[in-house]
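Peer 1: A structural model of the following input is requested.
(chains A and B, ligands or ions: 4)
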Amino acid sequence: MENGTIGQQPASRVVVVGNGMVGYKFCEKLIAKAKENFEIIVFGEESRPAYDRVHLSEYFAGKTADDLTIAPLDWYFNNGIKIYLSDPITNINRANKTVSSHHGLTISYDYLVLATGSSAFVPPIPGVEKDGVFVYRTIEDLDLMQSHAKKAKKGAVIGGGLLGLEAAKALLDLGLEETHVVEFAPRLMPRQIDQAGSDILKAKLETLGLKIHLNKNTQEIAGEGIINAMHFVDGSKLDVDMLVISAGIKPRDEIARLSGLEVGSRGGIIVNDKLQTSDPNIFAIGECALHDHMIYGLVAPGYEMADIVATNLCNGTKEFKAFDMSTKLKLIGVDVASFGNAFIEEPDCQTIVYENKSKGIYKRINISNDGQFLLGGILVGDAEQYNMLLQTVNNKIVLPKDPENLILGARGGAEDNGVGVLSLPDDALICSCESVTKGQICHEVSENKIHTVDDLKKCTKAGTGCGGCVPMVKDLMLGTMKAQGIYVRNIVCEHFDYTRQELFDLVKINEIKSYEGVLDKFGHGDGCEVCKPAVSSILASLWNEMILAKGNDIAQDSNDRFLANIQKGGTYSVVPRIAGGEITPEKLIVIGTVAQKYGLYTKITGGQRIDMFGAHLNDLPAIWEELIEAGFESGHAYGKALRTVKSCVGSTWCRFGLHDSVTFAVEIENRYKGIRAPHKFKGGVSGCVRECAEAQAKDFGIIATEKGWNLYVCGNGGAKPQHAQLIAGDISKEDCVKYLDRFLMFYIKTAEPLTRTATWLNKMDGGIAYLKDVVVNNSLGIAEELEQEMAGLINNYKCEWKEAIENDNIRQRFTHFVNAPEVKDPSVTFSPLREQKRALEWSK
Amino acid sequence: MTIQTTTETWILACSTTQIPENGGACVLINDQQIAIFNFTRRGEWFATQNLCPHKQQMVLSRGMIGSSGDEPKVACPFHKKTFSLENGKCLSGDDYEIKTYPIKIEDEMVFISI
Ligand code: SRM
Ligand SMILES: Cc1cc2nc3c(=O)[nH]c(=O)nc-3n(C[C@H](O)[C@H](O)[C@H](O)COP(=O)(O)OP(=O)(O)OC[C@H]3O[C@@H](n4cnc5c(N)ncnc54)[C@H](O)[C@@H]3O)c2cc1C
Ligand code: SF4
Ligand code: FES
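Peer 2: Numbering: from 1, shown residues only, chains lettered A, B, ... in the order given. Ligands and ions are numbered 1, 2, ... in the order given. This is a model prediction of the structure:
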């Protein structure tokens, strides 16, 4: 090998030190480029193969180590990669070109790739070694935190940056009573956002339950062996029994240092543009590499480095250039993003700021003085425009006349804000994790006729990393198809060339009542798991017949087919309707007795009713027989149907109550029970503006006023919360019900499958003003038709569980083994939990 | 390479009426859970393992069946991973594979060979 050049030699041996995200990506890239030419050997210090550290926090939200694994061990074997785990490299002998491992292996290399990542930086505060003090980097760290958290009440995080806030959210998720964030700087996320953004973010995080202390310098961690308090330089003190230190990262350059490779004065293995270290046969990539005085603590630049080294080993000539550090925080419930030059100030630019304290939104964009280009910005509270803004900066797109529209969005109904995805140049980087450009995506769509996002993911890998670019990929795909004159419609799936709305009308006009009938007449092929439930929902919304009749049972999703939600382990849950959350003592006793008899776990749900979990398929009919006997009905917790109408106690007991919200909630819940829709829907009725029923977070919400009721629609809790919007104010009960009938029926008829009312409204041309016109002002002249259709559904209501237990044919379907109906599934097992039981964790 | 045995032993699983049309159900044979699918639309029957390899759940018989192109498939009720009913290959891009078994119908009885 000549000095400094990188050439391809047959079956060169490449040893990779570190099996983290970047080390793995390097293997993947090299295998894809030239599997035959290399023998790859990987050493990892951790006990498991590379996992998705970026989404580490989801471990506390239910993901398992397995879910986070990037590729199973089989992948390495199948690609001929030798991998040694739990065996760190301890020494490099550069003269002999060998490495030796902790377990005593010595292996020679032609090329050595260091991908050792970084570790948490722990400041030298007295007491950091105490029990109950953690760092946040590996799955092991999280396991340790989890077991300690069981006996802890008050937790704190040192560091208010990106990682620190994520760690704080994790403490909340672990159920600590108090979580504090302690930051040395005067603001949160000091590297990403400005003071005004930090103020809004702080207020938002405080509503999530975090307690935030800025300008705090920790002097000592106190406690006898185990932490019990933190003392600060300003003399104050905080009692805590758990602490996570997240004050920055420290590149793992120890073996590089030991073998005499050049390292930076503040750590990091120095590399050139080819990512070569001071020894040309040794490369460093990812968080351990110091390029042009910079350590990149993000995964996308690491992936880029992996690609460059893999390319150059195959005789390519790529070089690493300074990388964009724009970021978006993943904290659930709070959007934060910063991009481009976030901090540049007047007079070097013009700044446009939008701030809404009550909604907790702050947006700032920095624009070049000639008004032509976007330089950077900050988004807090709403980062919807992040992708597009980032592209606008990176690609130097000339701004439209009113650049404030970029952050204020379309106002007054006009949709176009001047910069669309299609105006991006071909080399615009859409997916930075996998470095996929706009040109590549459009090429696949136009030349190779790839017309679904899933297929695009498969052929380009775009969207398979952090997933943040998926909405853009979809827009690009649809835009390209439209530009080619392909009429783009959201067709249901490969078996139906219709949109849901078209299919709905066709089924209605032709009065078809079974899935097979619809498939025969309007579809082709044999159907699938997408069109079956979609058509079943249309049938149910149109005719409201027993969903398990006419062979329609097999076209239902498992939950609808067995009238219960399937859970981990294959058991089901039982949720009887408790309209408005109102229940008699007698009925409470029945629930208790039934749950006891069939060994069910019971819990009060977030919807003001009681769920019984862990029922064997075989037991469902008998359980429901007893419940129905006592006067209960199905709660449709399994269906895309009305769930609950939450009530507050209202004027019947409450000193502030203006009207009787409980009675209204009970009436409304009974009115719409059993009605199938494109997605589930929920309601709420509050007795005054204090809003104890959280009605504005529901698909429809009713709030008592001095003069009558306010009706709100299209709210959502869930993953992307959104407040409901007022559609009519101070109206009578009768009008309220009339508008609700129209609103719900209009939704049922026109929304795409699995679209909640909030998303439906977001996509509606003209938005709430249009919806109000249709529902209240009858602008389409369909109000009467909608009301009649709704009346038809309401009149057709029957409790489907009652029908199921009374029909022997249907009842028989509730067996696990058809050839041994009395045998329950022997693979079902539970583990104990407090005084009850729980489903066994997913195995492997 | 798989070797097709010439001396297949057929085991009676259930009667044809016990499996819903265009759907599946599970049978217990020698302590094994086998999913049987009656794909009436195609006039075909299929038998596979009942265990979904994704999270080791005994549920494939409760999945929806359908086709992808010409290939008959079943979707697991849990995370909708789909598997070919013909050769057991996972069609959702993962490396999993499920076992499939020979199946035949005689006198309205379902027989499988395991
Ligand atoms: C039982 C319950 C949690 C609890 O213990 O409290 C629950 C349990 C489930 N929820 Fe929920 N949700 C429950 C209240 C809620 C609430 C609170 C509420 O209704 O006020 C919300 C947020 C409000 C909202 O929907 O806007 C909620 C938002 C979701 C979402 C996210 C929806 C979204 O638009 O983002 C899903 C996922 C989905 O539907 O696709 C979901 C899905 C589920 C499923 C059905 C997941 C599944 O597919 O298996 C869970 C079924 C468990 C089971 O086996 O029965 N659940 N879920 C609550 C049942 C209420 C009830 O009595 O029916
Ligand atoms: C909680 C958390 C959230 C994050 N969120 C984001 C985010 O939202 N966006 C983003 O872009 N980035 C995020 N990151 C950063 C991202 O995870 C890292 O940039 C990325 O993992 C770096 O990959 P790497 O391979 O360089 O290092 P690592 O993933 O740390 O892998 C290095 C591996 O090498 C091993 N190793 C070290 N020394 C040796 C040795 N001598 N021998 C053998 N093995 C060795 C280590 O044990 C480790 O397994 C987050 C990180 C954390 C911890
Ligand atoms: S919303 Fe009003 S009426 Fe209802 S409980 Fe709260 S204060 Fe009372
Ligand atoms: S358990 Fe079958 S797809 Fe997840």
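Peer 1: and B:A25, what helix or strand is that in?
Peer 2: If you go by DSSP states H and E, B:A25 is part of strand B:23-29.
Peer 1: One more: A:W624?
Peer 2: Applying DSSP H and E, one finds A:W624 within helix A:620-629.
Peer 1: what number of residues lie near the closest residue to A:E177 other than its chain neighbours?
Peer 2: Distances taken as Cβ to Cβ, 6 or more residues apart in numbering or on different chains put A:K153 closest to A:E177, at 4.8 Å, once the chain neighbours are dropped. Using the backbone N, CA and C atoms, a C-beta is placed for each residue, glycine as well. For A:K153, the neighbour count with other Cβ atoms under 10 Å in any protein chain shown is 13.
Peer 1: And A:K153, how close does it get to ligand 2?
Peer 2: 23 Å (Cβ to the nearest ligand atom, to the nearest Å).
Peer 1: quick one: contacts of the strand holding B:A25?
Peer 2: Under the criterion Cβ atoms under 8 Å, 6 or more residues apart in numbering or on different chains, residues A:553-554, A:815-820, A:823, B:11, B:13-14, B:18-19, B:33-38, B:50, B:58, B:60-65, B:74, B:112, B:114 lie in contact with strand B:23-29.
Peer 1: out of the residues you listed, which are inside strands?
Peer 2: Using DSSP state E, the subset of these located in strands is B:11, B:13-14, B:33-38, B:58, B:64-65, B:74, B:112.
Peer 1: gap between the two ends of stretch A:517-526?
Peer 2: 12 Å (Cα to Cα, to the nearest Å).
Peer 1: pLDDT weak spots in chain B?
Peer 2: By pLDDT under 70, the weakly predicted segments of chain B are B:1-8.
Peer 1: Find the closest residue to ligand 1 in it.
Peer 2: Closest approach of chain B to ligand 1 (Cβ to the nearest ligand atom) occurs at B:F78, with a separation of 9.0 Å.
Peer 1: Just the element for that residue, please.
Peer 2: Using DSSP H and E, B:F78 falls outside every helix and strand.
Peer 1: Nearest residue to it in space, please, no chain neighbours.
Peer 2: B:Q57 (5.7 Å).
Peer 1: got it, and A:S432?
Peer 2: Nearest to A:S432 is A:A300, by Cβ to Cβ, 6+ apart, at 4.3 Å.
Peer 1: What number of residues are in the vicinity of the one you found?
Peer 2: Quick note: A:A300 (other Cβ under 10 Å) scores 22 neighbours.
Peer 1: And for the helix or strand following the helix holding A:W624, what's in contact with it?
Peer 2: Going down the chain from helix A:620-629, the next helix or strand is strand A:642-647, by DSSP H and E. With Cβ under 8 Å, 6+ apart as the test, strand A:642-647 has contacts from A:578-582, A:607-609, A:635-637, A:661-662, A:664-666, A:668-669, A:672-675, A:677, A:680-686, A:693-695, A:698.
Peer 1: Among those residues, which are located in helices?
Peer 2: Secondary structure from DSSP state H places A:661-662, A:664-666, A:668-669, A:672 of these in helices.
Peer 1: Produce a ChimeraX select command limited to the buried residues of those residues.
Peer 2: Buried residues among these (16 or more other Cβ atoms under 10 Å in any protein chain shown), as a ChimeraX selection:
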select /A:661,662,664,665,666,668,669,672
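Peer 1: Now the ones in helices among the contacts of strand A:642-647 in TSV, please, with extra columns for distance to A:E346 and pLDDT.
Peer 2: As requested, the ones in helices among the contacts of strand A:642-647 are arranged in TSV below (distance: Cβ to Cβ, whole Å; pLDDT from 0 to 100):
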residue	distance to A:E346	pLDDT
A:S661	51	96
A:V662	56	97
A:F664	54	97
A:A665	53	97
A:V666	58	97
A:I668	54	97
A:E669	56	97
A:Y672	55	97
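Peer 1: for the ones in helices among the contacts of strand A:642-647, which one is nearest A:S558?
Peer 2: A:Y672 (24.1 Å; Cβ to Cβ).
Peer 1: I'd like the distance between the closest one and A:C799.
Peer 2: Per Cβ to Cβ, to the nearest Å, A:Y672 is found 14 Å from A:C799.
Peer 1: Could you do A:V713 as well?
Peer 2: Distance from A:V713 to A:C799, by Cβ to Cβ: 27 Å.
Peer 1: quick one: low-confidence ranges for chain A?
Peer 2: Those would be A:1-10, A:330-333, A:409-420, A:465-468, A:487-489, A:550, A:843-844, if you go by pLDDT under 70 across chain A.
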